[in-house]
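> what follows is a protein structure lacking sequence information:
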């Protein structure tokens, strides 16, 4: 049996579990930031300046002072090279970034120019979404994109074995991960877009209802924009509507759990009653059997019963005097 303290602790733990499930996955108080840099042939002219801007953001990240509590939940950063086969060339925490030699990832980024014949925009953003959505969930999600966002995915090889690209597509592709970006509430800064690209992408962003989360910058204005890392993540208290939704969901989960608990208790109680009834019936049958045996059995006082149960015992003779010695007759 549980003591009253153990029962109270178990009840509190159950309530916490229900509320945790109702609220969804627990979010860690930090940011995840994906930096996408175009290394394709169509972006060769802007690439050096874009790399320097990415370096500036990363340096500010590395130099930013944090409290001890913030160090425990240090932001996570990923650098993704956008080309024919997008690749994550760095992934780590802010502390890892401080130890990183910038020339190492820049050298690897420059080496990716061998994949610059095509540009798979969707694959690069899919890679960013996988990084941003991994467990455990975090509070802030950010993407900094340095690209003209002209989509020319790899399309196999020609008869001579040279790689082919699909025709250039200026608008966002149909399979661009808008839904995942909306679910994560990713804040995006898209820089170095040609003017026509800004107009096309702005229209698509508005159509997706993400105008408050996604900002675009033309290649003319990007050099004048000072971009810094996101602010330190702080959990905001839920709104009244969010609190009500969490409570309602907790009630639903608690109600479902209560049904299962009641079902389990009912099964246990029913089983106990069944066992008790079975035991009572068994004892009742045993008493009947014993009574029947008692009626049909022969009394032990009769000669017949003594013969059936045990051989008769000789009655002891009283001794009144000295017993003469036993003599054996010899022939």
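Okay, I see it. Note that the coordinates shown come from a computational prediction; the quantities given were computed from them, not determined experimentally.

> helices of the stretch 101-250 of the chain, residue ranges please.
102-111, 121-132, 178-184, 195-207, 240-296 (DSSP state H, counting those that start in this stretch).

> who touches the third one?
The set of residues external to helix 178-184 that reach it, using CB atoms under 8 Å, 6 or more residues apart in numbering, is 125, 129, 132-133, 141, 172, 188, 208-210, 213. No exception for glycine: its C-beta is placed from N, CA and C like everyone else's.

> tell me the buried residues in it?
Neighbour-count burial for helix 178-184 flags 178, 180-181, 184 (criterion: 16 or more other CB atoms under 10 Å).

> same check, this time on the first one
Burial within helix 102-111, assessed by neighbour count using 16+ other CB under 10 Å, is assigned to 105-106, 109.

> single out whichever of those residues has the smallest pLDDT.
In terms of pLDDT, the lowest of the buried residues of helix 102-111 is residue 105, showing 83.

> residue 90 is in contact with that one, correct?
Yes. Counting by CB atoms under 8 Å, residue 105 does reach residue 90; the two are 5.0 Å apart.

> helix, strand or coil for residue 50?
Put simply, residue 50 is helix when judged by DSSP: H, G, I helix; E, B strand; the rest coil.

> if I look at it, how far off is residue 30?
Using CB to CB, to the nearest Å, residue 50 is found at 26 Å from residue 30.

> who has more neighbours, the two?
residue 50 (25 against 19; other CB atoms under 10 Å).

> isn't that one up against residue 193?
No. Using CB under 8 Å, residue 50 makes no contact with residue 193, being 11.6 Å away.

> OK, contacts around the nearest residue to residue 169 once chain neighbours are set aside?
Spatial nearest neighbour of residue 169, excluding adjacent residues (CB to CB, 6 or more residues apart in numbering): residue 151 at 4.3 Å. If a contact means CB under 8 Å, 6+ apart, then residue 151 has 119-122, 166, 168-170, 172-173 as its contacts.

> now swap in residue 52 and tell me
Applying CB under 8 Å, 6+ apart, we find residue 52 in contact with no residue.

> per-residue pLDDT, it?
92.

> looking at the protein, which strand is longest?
The residue-count maximum for a strand in the chain (DSSP state E) belongs to strand 28-38.

> partner strands of that one and their direction?
strand 76-82 (parallel), strand 138-146 (parallel) (DSSP bridges).

> please identify the most buried of these.
Per residue and on average, the most neighbours among these fall to strand 76-82, with a mean of 24 (mean count of other CB atoms under 10 Å).

> about what we covered before: which one of the contacts of helix 178-184 is nearest residue 227?
Distance to residue 227 across these (CB to CB) is lowest for residue 188, with 12.0 Å.
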